[in-house]
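[1] Provide a 3D model corresponding to the input given below.
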Amino acid sequence: MHRKKARIILDTNVLYAGLYSSKGASYKILQMIDEDKLTPVISTTLLFEYEDILKRNQGVLGLSSLEIEKILDYFCMRSEHQKIYFLWRPFLPDPKDDHLLELAIASETKFIVTHNTKDFKGLEKFDIKSVTPKKLTKEIL
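    Prediction:
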């Protein structure tokens, strides 16, 4: 039986951690995206957030601006793109995370993968779960 590929919203902290170190579950998530085992869902807002964080930390990551652009281009190719038509703000404790909730609702994605699960309390109301990369790889997939 063919199992449907999981669709996820990838918080910026997981993308950053996966690019920073090849040793953890965040890197494994990026590998699973590369192997076409996971499908990230992105919005324009999330893509701009990825770009901002990666470029701000490019020295720490050891990446050039061109390499970051190539990573983002590749990520766009691997992702489903979702427009947001309805806002749920404010809902989450950190208003900067509300766009991830809105993306999950609009795309009907069930998982937000993040290292800050405490920042996503109340998602159950929308039948969405926030999970760490480790939990996603060990328990869900």
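
[2] ok, which stretches of the protein are helices?
    For the chain, the helices defined by DSSP state H occupy 12-20, 25-34, 44-56, 58-61, 65-78, 98-107, 133-135.

[3] Quick one: list the elements packing against the first one.
    So the one you mean is helix 12-20. Packing partners of helix 12-20 (3 or more Cβ pairs under 8 Å, 6 or more residues apart in numbering; DSSP states H and E): helix 25-34, helix 44-56, helix 58-61, helix 133-135. C-beta here means a position set from N, CA and C on the backbone, and glycine is covered the same way.

[4] Now do the same contact list for Ile33.
    10, 39-40, 75, 78 (Cβ atoms under 8 Å, 6 or more residues apart in numbering).

[5] Would you format the helices and strands packed on helix 12-20 as CSV with mean pLDDT and distance to Arg89 included?
    As requested, these are exported to CSV (pLDDT from 0 to 100; distance: least, Cβ to Cβ, whole Å):
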stretch, mean pLDDT, distance to Arg89
helix 25-34, 96, 27
helix 44-56, 97, 12
helix 58-61, 96, 30
helix 133-135, 96, 26
